[in-house]
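K.L.:
Coordinates for the following, if possible.
(4 chains)
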Protein chains: 2
Amino acid sequence: MHTALSELEKEVIDIFVRIAGVLSLPRSVGELYGILFISPEPMCIDDLMRKLNISKGSTSQGLKILRSFGAVNPVYVAGDRRDFFTAEAGLRRIVAGFVNEQIRPQLDNRKDRMARIEKLLGQEEPGRKEFIAERIERLQGWQKRANALLPFALNFIKAE
Amino acid sequence: MHTALSELEKEVIDIFVRIAGVLSLPRSVGELYGILFISPEPMCIDDLMRKLNISKGSTSQGLKILRSFGAVNPVYVAGDRRDFFTAEAGLRRIVAGFVNEQIRPQLDNRKDRMARIEKLLGQEEPGRKEFIAERIERLQGWQKRANALLPFALNFIKAE
DNA sequence: CAGTTTGTTCATTAAATTCTGAACAATCTG
DNA sequence: CAGATTGTTCAGAATTTAATGAACAAACTG
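P.N.:
Just a heads-up that it's a prediction; the model follows:
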């Protein structure tokens, strides 16, 4: 079957496909969220594959990703055994979920890395050491500022 | 030749390779900026290819990208005909350049797209129209907020 | 100006990413 | 419980993206 997408649906999906690109998420994840976002009714895997013309694997995998940061909500549909979903439309919630799942894990890494770099700096030969120390300090400054920006940006998205 | 990278150099480059990934820039761009960032001396294409063990094409192309948003500064080296570069270490300047080159151009697109979507909304059948209108309004709200955040974030990076 | 040196471009190759679909496991149904 | 339905997983295919290196153009050199 091929319940073709309307022009409007295509436009909206296109927006979310681009956003997915920026966030380094697969195209199909953008498509899935996009179609759910403008669909008044909850949709199940079957609906989604047919509507978007993507495979069952992509659909299942894509929904898994969307669920992982709360971009999609499971919905009970009476008399149907299948799982239905709607798009979570609260930006705050999605962003929080995304940050916690995809961003936060990497921040720990960075601290370790920085510690290791500082240690290596000690072994550097005198000539270069001075310059390199300055650069590493600078890098730490950037990191600190980025870390400070994050909660602020989150707070910025306070409205629903 | 293979003037192997030191442990410290590898660690620092690794940081910038990750950053490149987040920004959807090629790995080699991160490598190039990373080695320049940690090198006291300006470097030319030849130095860079040897040090990073990447091709001349990648090096030239990568420097072109870095120059395009001012992440790299050309430096005159007496008695050498080749082009030398150092890393621009002012975060403010790099971010401003990046935003202007890679972000701003896309913002115009979005406006057009939104206009088109609003137009398509008019043709929607009464039942769905109400819901979809709400969603599109929401989308516009997000967009507006993102646009407001941008200059604020830029200002946040005011120190050198 | 003939011969180098240097940087860029771009068609091809290589690598990384995403999608597919069949096999499977889990759950329901009569 | 036999059969059907539903969702997940993952090896392989398809697609996308980045790297390579040879051909080229531009600028220098003697």
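K.L.:
Could you use CA atoms for every contact and neighbour count after this?
P.N.:
Fine.
K.L.:
interface residues of chain A facing chain B?
P.N.:
A:7-8, A:11-12, A:22-24, A:37-40, A:91, A:113, A:117, A:120-121, A:128, A:131-132, A:135, A:142, A:145, A:149, A:153, A:156-157 (C-alpha under 8 Å from any C-alpha of the partner chain).
K.L.:
quick check: mean pLDDT across the one helix or strand A:K64 maps to?
P.N.:
Assigned by DSSP states H and E, A:K64 falls within helix A:56-68. Taken as a whole, helix A:56-68 has an average pLDDT of 98.
K.L.:
List the buried residues of that helix.
P.N.:
A:58-59, A:62-63, A:65-68 (16 or more other C-alpha atoms under 10 Å in any protein chain shown).
K.L.:
wait, which of those is closest to A:R50?
P.N.:
A:T59 (10.2 Å; C-alpha to C-alpha).
K.L.:
if we can go back for a sec, inside strands: which ones of the residues of chain A next to chain B?
P.N.:
With DSSP state E as the criterion, strands contain none of those.
K.L.:
just the buried members of those?
P.N.:
If we count by 16+ other C-alpha under 10 Å, these have these buried: A:8, A:11-12, A:37-40, A:91, A:113, A:117, A:121, A:132, A:135, A:142, A:149, A:157.
K.L.:
In helices, which of the residues you listed fall?
P.N.:
Of these, the ones assigned to helices by DSSP state H are A:8, A:11-12, A:37, A:91, A:113, A:117, A:121, A:132, A:135, A:142, A:149.
K.L.:
For the residues you listed, name the two members farthest from one another.
P.N.:
A:L8 and A:L121 (56.2 Å).
K.L.:
Tell me where the model's unsure across chain A.
P.N.:
Across chain A, the ranges flagged by pLDDT under 70 are A:1-2, A:159-160.
K.L.:
measure A:R138 to A:K111 for me?
P.N.:
Per C-alpha to C-alpha, to the nearest Å, A:R138 is found 15 Å from A:K111.
K.L.:
How about whichever strand or helix holds A:V29 and DNA strand C, touching?
P.N.:
For A:V29, the host element (DSSP H and E) is helix A:27-37. Yes. Shown here: helix A:27-37 in contact with DNA strand C (C-alpha under 7 Å from any atom of the strand) through A:27-29.
K.L.:
got JSON lines for those residues, with neighbour count and distance to DNA strand D too?
P.N.:
Output for those, formatted as JSON lines (neighbours: other C-alpha atoms under 10 Å in any protein chain shown; distance: C-alpha to the nearest atom of the strand, whole Å):
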{"residue": "A:R27", "neighbour count": "17", "distance to DNA strand D": "9"}
{"residue": "A:S28", "neighbour count": "21", "distance to DNA strand D": "11"}
{"residue": "A:V29", "neighbour count": "22", "distance to DNA strand D": "13"}
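K.L.:
so A:L5 makes contact with A:R50?
P.N.:
No. Checked against C-alpha atoms under 8 Å, the pair A:L5 and A:R50 is beyond contact range at 10.1 Å.
K.L.:
wait, what's in contact with A:L23?
P.N.:
By C-alpha atoms under 8 Å, 6 or more residues apart in numbering or on different chains, the contact set of A:L23 is B:V22.
K.L.:
I'd like the distance between it and DNA strand D.
P.N.:
A:L23 is 12 Å from DNA strand D, where distance means C-alpha to the nearest atom of the strand, to the nearest Å.
K.L.:
Return the distance of that residue relative to DNA strand C.
P.N.:
9 Å.
K.L.:
name the element the spatially most central residue of chain A belongs to?
P.N.:
Central residue of chain A (C-alpha atoms, centre = their mean): A:F98, 4.7 Å from the mean position. Taking DSSP H and E as the criterion, A:F98 maps to helix A:91-98.
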